[in-house]
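Asker: when you get a sec, could you give me coordinates for this:
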Amino acid sequence: ANLHTIFMDLKTDSLDSITKDDFIETDIRVVTPNGEISYDEPGNLVKGRGNSTWELEKKPYFLKLAKKTGLCGMEPDKKWLLLANAYESTKIANKLFYDFSKDAGLHYAADSEWADLYINGEYRGNYLVCEKIDVGSNRIDIDNLEKENDRIGEAYDIYVTPSARGYLTDRPDFPPDISGGYVIEKDVTIEDSPCGFMTDAENCFVVTSPDNASLTEVFYIQSYFQNIENLLNRQDARVLQYIDADSFARRFLIEETALNSDAFITSCYFYKKRNDEKIYAGPIWDFDSVLGESDTVDHEDMGNVWLNYDETTVLAMDKNRATTAVLSWDEQLYELPEYRTIVKNTYMEILPQLEILLNERIDLYADRVRQSVALDSVRWNYAEVEAGHYSSFDNNIRYMKFFLAKRIHFLNRRFGLEEYLYENNSGGTHSITCVIGEHESIISMEDGSFLNPDLLPPYDQEKYTGWFYAWDHTPLSEYLPVYEDMTLYLQ
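Answerer: I've put the predicted structure just below:
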C-alpha cells in the first residue's frame, strides 16, 4: 500500500468501549508506506467525535497522543482527528479542498493525510488523519488565550445567560489583554458547549478557543460579532472595517465552488487576533458533502437540490435547504458593491488554481487512494449511506471532475468571463434497466448523457411517486450523467 497504516490496541477494552463522552487508553503504532515504524507508544487517548457521522457504523475518532508527534509526515502535535469520510465515496474531497484553500490564499488550513486504520486487529477502513482546528504554532498561529486563562486562575462553574455561556473565574479581570486570540465556530446551537453566544438574530457561535473562556471574554467577542451583524442588517459598508474582506471573499469562493451543502450552517470558523479590530474567516472545515455528493436528499419532493450545479448557489442556501440555521452574512456582504468587486478580483486570481485542481490534482489524489478505497468499499456498504452516485470509484471521480467544471463555468458566467467548456462524453453507450412491478424494459443511453424522465417508460402516477436508482435508492435526477449501466425502479 502507498499509505500509512495506524494500529490501535485498546488492550482490555473492546471497540464498543469507545464513546464520545470519555477518553480511553490505547497503544498506537504507525507504519509508513515502506514498512518503517514512525510512532509506537502506549498511553495514548482516544474517544469518538462527530454528530451525524458518529451514528454510522464507520465512526470518526479524536486522538490525544502520549507525546507530540508529526503523524504521517505532518507537523508535530498531540491532538489528531481520524475522519471516516463515510458519506463520501472517493475519500478525497476533504483533503482536496483543505489543500486547495492553501493555494487559494486562505490561512491555517488543516494538514491531512490518508491512512488505513486497524483497531484491535480489525480493519476499519480508509481514514483521513487530520489536524484539529486549534490555536498553536502549527495550527492557527494566534495568541493562545486558553493557555493564559489556565495560568491565571481556576475556572469554576459555567454561567449561563439567555444569549451567552462562559466560565466564572476567581480573577475575572485577568488576563489583562483579552482582545485575542479567539477561534469561533458558527453552529446550530450553543447548548452543547461550555462557551458560546447568540446574536440578536439568534445566530449561534461556539467559542472553541479559549474553551475555558470567562464570561467577560465571551461578552467581549460577542460584541464584535453583534456589531458585524448590525452593520450588515443596515447594509452599512463600514462593516468592511471590522472584517478581513480578503479572507471572507476567499472562504466564500471556496464554499461556492464546492457547492458545500453545509456552508455557513455549521463547521464555519472565524478567528480574531490580539490587538486587531477585524474578524477573519477560516479555516475551512467539513467538505465531505460537496461537488454534488451531498447527504441532503428530499425524498418527498423527489430530488436533491445540491445536484443542480448550474443554478443553486450558497448565496441562496436559506431557500435551498429547510433550515433557519444558515448564517446570511455572505449573502448580505455580496449586496455591497465594494465587496462584490473584491470577490470578483479574488476569483480571477484563484481561477488558475481551480483549473489545476480540476485537470491535475483530482486525478493525482485518486491514484493515491485507489487501492485503499477499494478495500474500504468491501468493508463498508457505500450505497447504504448514499455515498457516491455510481458503483465505480472511477465514475465517482469522473463525476467530481464534471461537477467542478460545471461550477467553474457557472462562476465564470457570474463574473463576466469566458465560458468554461469541458468534454464529458467518452463514447459508448450504457443500458438503463427500468423496473415496473414484475416487468423490465431496457433503453440505451449515450455515455455522459442525462436521463430525462420523458424518455423513460410511462407509469401510473397515482400509484407511483417516481423513478429511483437501485444503487442507492435516491430519486432520479436530470443532473446526474450516465456513466455506467443503471437500474431504475418505481416507488
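Asker: how about the helices in the stretch 351-491 of the chain?
Answerer: Assigned by DSSP state H, counting those that start in this stretch, the stretch 351-491 of the chain shows helices spanning 362-379, 393-414.
Asker: the longest one to helix 362-379, inter-axis angle?
Answerer: Using axes from the mean of the first three to the mean of the last three CA atoms, to 10 degrees, one finds that helix 393-414 and helix 362-379 are set 140 degrees apart in direction.
Asker: now helix 393-414: buried residues?
Answerer: Buried residues in helix 393-414, defined by neighbour count with 16 or more other CB atoms under 10 Å: 393, 395-412. Using the backbone N, CA and C atoms, a C-beta is placed for each residue, glycine as well.
Asker: rewinding a little: would you reformat the helices of the stretch 351-491 of the chain as JSON lines and include mean pLDDT and distance to Glu185?
Answerer: Formatted as JSON lines, these follow (pLDDT from 0 to 100; distance: least, CB to CB, whole Å):
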{"stretch": "helix 362-379", "mean pLDDT": "97", "distance to Glu185": "27"}
{"stretch": "helix 393-414", "mean pLDDT": "96", "distance to Glu185": "25"}
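Asker: dump those to CSV, plus distance to Cys195.
Answerer: Formatted as CSV, those follow (distance: least, CB to CB, whole Å):
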stretch, distance to Cys195
helix 362-379, 36
helix 393-414, 36
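Asker: ok, which of those comes nearest Glu349?
Answerer: With CB to CB as the criterion, Glu349 lies closest to helix 393-414 of the helices of the stretch 351-491 of the chain, at 12.8 Å.
Asker: enumerate every residue touching Gly437.
Answerer: Gly437 makes contact with Leu490 under the criterion CB atoms under 8 Å, 6 or more residues apart in numbering.
Asker: got a pLDDT number for it?
Answerer: On pLDDT, Gly437 comes in at 88.
Asker: tell me how far it lies from Val343.
Answerer: 52 Å (CB to CB, to the nearest Å).
Asker: show me where the stretch 201-350 of the chain has its strands.
Answerer: 204-209, 268-272, 279-281 (DSSP state E, counting those that start in this stretch).
Asker: where are the low-confidence patches of the stretch 1-150 of the chain?
Answerer: 1 (pLDDT under 70).
Asker: please enumerate the strands of it.
Answerer: Counting by DSSP E, counting those that start in this stretch, the strands of the stretch 1-150 of the chain are 4-9, 24-31, 37-48, 61-69, 77-83, 112-119, 122-131.
Asker: turn the ones you listed into JSON lines, including distance to Ala258 and mean neighbour count.
Answerer: Formatted as JSON lines, these follow (distance: least, CB to CB, whole Å; neighbours: other CB atoms under 10 Å):
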{"stretch": "strand 4-9", "distance to Ala258": "26", "mean neighbour count": "20"}
{"stretch": "strand 24-31", "distance to Ala258": "30", "mean neighbour count": "18"}
{"stretch": "strand 37-48", "distance to Ala258": "26", "mean neighbour count": "15"}
{"stretch": "strand 61-69", "distance to Ala258": "25", "mean neighbour count": "17"}
{"stretch": "strand 77-83", "distance to Ala258": "16", "mean neighbour count": "20"}
{"stretch": "strand 112-119", "distance to Ala258": "16", "mean neighbour count": "20"}
{"stretch": "strand 122-131", "distance to Ala258": "16", "mean neighbour count": "21"}
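Asker: to Val314, which of the ones you listed lies closest?
Answerer: Judging the strands of the stretch 1-150 of the chain by CB to CB, what sits closest to Val314 is strand 77-83, at 22.0 Å.
Asker: who's in contact with stretch 43-53?
Answerer: Here stretch 43-53 makes contact (CB under 8 Å, 6+ apart) with 8, 10, 18-28, 54, 59-66, 81, 84, 86-87, 295.
Asker: cool, stretch 423-432 as well?
Answerer: Under CB under 8 Å, 6+ apart, the answer for stretch 423-432 is 402, 405, 442-449, 451, 456, 481-488.
Asker: ok now that stretch, how far from the chain's centre?
Answerer: Taking CA atoms, centre = their mean, to the nearest Å, one finds the center of stretch 423-432 at 31 Å from the center of the full chain.
Asker: and it, C-alpha only, in PDB?
Answerer: Taking Å, rounded to 0.1, in the frame of the first residue of the first chain, the C-alpha atoms of stretch 423-432 are listed here in PDB:
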ATOM      1  CA  GLU A 423     -15.800  17.400 -22.600                       C
ATOM      2  CA  ASN A 424     -18.000  14.900 -20.700                       C
ATOM      3  CA  ASN A 425     -18.600  12.200 -23.300                       C
ATOM      4  CA  SER A 426     -16.000   9.400 -23.500                       C
ATOM      5  CA  GLY A 427     -18.000   7.400 -26.200                       C
ATOM      6  CA  GLY A 428     -20.000   4.300 -26.000                       C
ATOM      7  CA  THR A 429     -23.500   3.500 -24.600                       C
ATOM      8  CA  HIS A 430     -25.000   2.200 -21.300                       C
ATOM      9  CA  SER A 431     -28.000   0.100 -20.600                       C
ATOM     10  CA  ILE A 432     -30.700   1.600 -18.400                       C
END
